[in-house]
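Novice: Need a 3D model of the following:
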Amino acid sequence: QPSAAATQTLPLVVESAMAARARADAGERAREQAISEWDQRAAEAREHELSLRERALAERVLAREESLLRRAEQAELELKAERERAARREAELEAALPALGGLPSCQ
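Specialist: Next comes the predicted model:
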C-alpha cells in the first residue's frame with residue numbers, strides 16, 4: 001500500500017502535471033494565433049504591395065498617354081501651320097501669275 005506521504009503528494013503531482021499541460025495547451029493556442037495573425041498581416045502587406053504596383057503602373061500608363069496626347073497635339077499644330085504656309089504660298093503664286101504672263105503653255 002502506498003505510504004501516507006505518497007498518497008498526499010500524488011494529487012499534487014497530478015494537479016501540477018495538469019497545470020503544466022494546460023499551460024502548454026495555452027502556449028500552443030497562443031502560438032497558433034500568432035502565426036495566424038502573422039499570416040494575415042503578410043497577406044495584407046502583399047495585397048498592399050500589389051495595390052502600390054498597380055497604382056504605379058497606372059500612373060506610368062497615364063503619363064505615357066499624356067505624353068502621346070501632347071505629341072499628337074503638337075503634330076496637329078505643326079500640320080496646321082504647314083497648311084497655312086502652303087495656302088499662303090499658293091495665294092502668292094496665284095497673285096504672281098498675271099505678272100508673269102499666265103501659265104506657260106505645254107507645247
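
Novice: Can you show me the helices along this structure?
Specialist: Counting by DSSP state H, the segments of the chain that form helices are 4-100.

Novice: Geometrically speaking, which residue is the centre of it?
Specialist: The C-alpha lying nearest the average C-alpha coordinate of the chain belongs to Glu54 (CA atoms, centre = their mean; 1.8 Å).

Novice: how far away is that one from Arg60?
Specialist: For Glu54, the distance to Arg60 equals 11 Å [CB to CB, to the nearest Å]. C-betas here are computed from N, CA, C, even on glycine.

Novice: What of Ala99?
Specialist: Taking CB to CB as the measure, Ala99 and Arg60 are separated by 59 Å.

Novice: number of nearby residues for Ala22?
Specialist: In terms of burial, Ala22 registers 10 neighbours under the definition other CB atoms under 10 Å.

Novice: likewise Glu65?
Specialist: The local packing count at Glu65 equals 10, with neighbours defined by other CB under 10 Å.

Novice: Since that was my last question, I'll sign off now.
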